[in-house]
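> Structural data only, the sequence is not supplied:
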């Protein structure tokens, strides 16, 4: 009961602020709504008892990436940005892409027709007392079963970081 | 529906009440930390500090709060009103939310035993930066904007070092859960500051930078930016920023206490026998001494009201001493000893950490912004990364290859210190070269 209510609250906030994020003219307002949307998504993770995912979402996306976003937005002259046309008006391409995406999602729902409607709307949360401690489980699978993908991902990030440093530096 | 509500209340009434207590009491604590800071600053500078309201200025925070509440609330023209409204609230909310997961003793914790404990505190309290950045932007003022930009850059730079320092502490705890971290230190009979002194130092520096306090208070440097991001804020909104800053101080002090200084454990927590009993009696005795001193000074106060308040303070100290003594001497209350004494030690350690903050603030001159960035990126971040790797190596060596644990940890800490010296020498060389370069050019100190 409480889980369901929380899910709809967080979900509603996430969708609403995502829509507002796209429609605001002011870039800082957009950023604030993006932050709200990310926080609401984190709340949904929490209702699913995925507390590690919840805190990683907050630390990385909200506390890290969005701070940099806002930082960059402030350096941009907003008055100029406000005068410019906000949307690139490629209505037809957008319509086709949206329709294709909608068709995909609809196909998925339709093909799994035997899944009950209630299950479809709200994946059942695992009971908290039966779930093993979250961060330990993530660490175990990250450093045993998924060790190679994890290392490859970190190597990629390292390469990207070094590349950024080399490009930003005036004289090497 | 009513049944569900009752069920909800039955499960969550305790945490809800505790949360309300935090929200209600925190402003009072923050107010008194401000008073303490003003008093300490005054004594450092051989002044008296606030003396007018109440005896020895003890009621100053309440007068300040009343004044700020009834002050005119000014919103600058062309400010982004909506963001101007929510910015201070964001800062305060983040700080208070983080406080919910902290354990102020074995018995006092709002969100009990959450698996991600320490990460939650660190992550949520870092959201307070949005209050500063958005508030600075929304004021539509150059000083505010510059303060906000500095703040964002500073926080992003120092958060990495602070996080790495926390990781090396957590290596020894093996868990993120706050009560378990303290229990791990209890079973070691040693605080983690003994295992990872370098990490503690890094966290100390980074936490000062993250709370925007001197010598790292670039976002609000008075001599350059008026008041930085809060230049345009007045009245109660300004008070909210102050509340957030002091609440954040309490949060970082609590994190450091929990992870490095043994949380609510007594010093030498493993010690029993007469020495242990003496340490158990210490809180009672120190409070009794305070009560006695206040009672002795009270008749010498010039004004009747001041005498009464002084007697009140003496009585309060005596009452606290009684509460602390009760579980030691009354057998029926012995179960409450851990909770009451734990809270006392925790608050003592947090106060000591905050006092250290103040001490540094009144001793060290303010950094320049490029020096601040260099310290963060060239010194603290490499040092903290090397520190984590070496301490991890020490743990693996002692647990897998049978090397003496204390020896391994000691050697690794020494290597970290040597690395720190190397970093300092590299930095020194870089500065010398720069000085040699600029010495060639004719310098005009009034140009540009």
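Nice, I can see it. In this text the structure is predicted, and so the values were computed from the model without any measurement.

> Tell me who's in contact with residue 99.
Picking chain A for this. Taking Cβ atoms under 8 Å, 6 or more residues apart in numbering or on different chains as the definition of contact, residue A:99 has no neighbours. Backbone N, C-alpha and C define where each C-beta goes, glycine included.

> please go with chain B instead
By Cβ under 8 Å, 6+ apart, the residues touching residue B:99 are B:22, B:26, B:110, B:247, B:250-251, B:254.

> okay, and for the stretch 251-400 of chain B, where does confidence drop off?
B:331-335 (pLDDT under 70).

> For chain A, give me its nearest residue in it.
Using Cβ to the nearest Cβ, residue B:377 is the residue of the stretch 251-400 of chain B that sits closest to chain A, at 11.2 Å.

> Tell me how many other residues crowd that residue.
14 (other Cβ atoms under 10 Å in any protein chain shown).

> try residue B:138
Per other Cβ under 10 Å, the neighbour tally for residue B:138 reads 26.

> quick one: it and residue B:79 touch, right?
Yes - assessed by Cβ atoms under 8 Å, residue B:138 is found in contact with residue B:79 at 5.7 Å.

> Name the residues that touch stretch B:59-70?
B:27-28, B:31-32, B:34-35, B:38, B:50, B:52-54, B:235-236, B:238-239, B:309.

> same thing but at 7 Å, please
For stretch B:59-70, the external contacting residues (Cβ atoms under 7 Å, 6 or more residues apart in numbering or on different chains) are B:31-32, B:34-35, B:50, B:53-54, B:235-236, B:239.

> And stretch A:7-18, by the same measure?
A:33, A:36-37, A:40-41, A:43-44, A:47, A:122.

> With stretch B:220-231 instead?
B:132, B:135-136, B:139, B:141, B:143-144, B:146-148, B:151, B:212, B:219, B:238, B:241, B:366.

> So which of those residues is surrounded by the most neighbours?
The residue in the contacts of stretch B:220-231 with the most neighbours, by other Cβ under 10 Å, is residue B:135 (32 neighbours).

> re earlier: closest one of the contacts of stretch A:7-18 to residue B:389?
Lowest distance from residue B:389 to the contacts of stretch A:7-18 (Cβ to Cβ) belongs to residue A:41, with 33.4 Å.

> and that closest one, what helix or strand is that in?
Under DSSP states H and E, the secondary-structure element containing residue A:41 is helix A:27-47.

> touching chain B at all, that helix?
Yes - applying Cβ under 7 Å from any Cβ of the partner chain, one finds helix A:27-47 in contact with chain B at A:28, A:32, A:35.

> Of the contacts of residue B:99, which one scores lowest on pLDDT?
On pLDDT alone, residue B:110 ranks lowest of the contacts of residue B:99, at 72.

> near chain A, which residues of the stretch 301-448 of chain B show up?
Near chain A, when you scan the stretch 301-448 of chain B using Cβ under 7 Å from any Cβ, you find nothing.

> sorry, back to before: from the contact counts, what lies against the helix holding residue A:41?
Counting contacts by 3 or more Cβ pairs under 7 Å, 6 or more residues apart in numbering or on different chains; DSSP states H and E, helix A:27-47 is packed against helix A:2-23, helix A:51-56, helix A:66-75, helix B:128-138.

> how far off helix A:27-47 does the third one point, in degrees?
So the one you mean is helix A:66-75. Interaxial angle of helix A:66-75 relative to helix A:27-47 (axes from the mean of the first three to the mean of the last three Cα atoms, to 10 degrees): 170 degrees.

> Skip the chain neighbours and tell me the closest residue to residue B:180.
residue B:173 (7.0 Å; Cβ to Cβ, 6 or more residues apart in numbering or on different chains).
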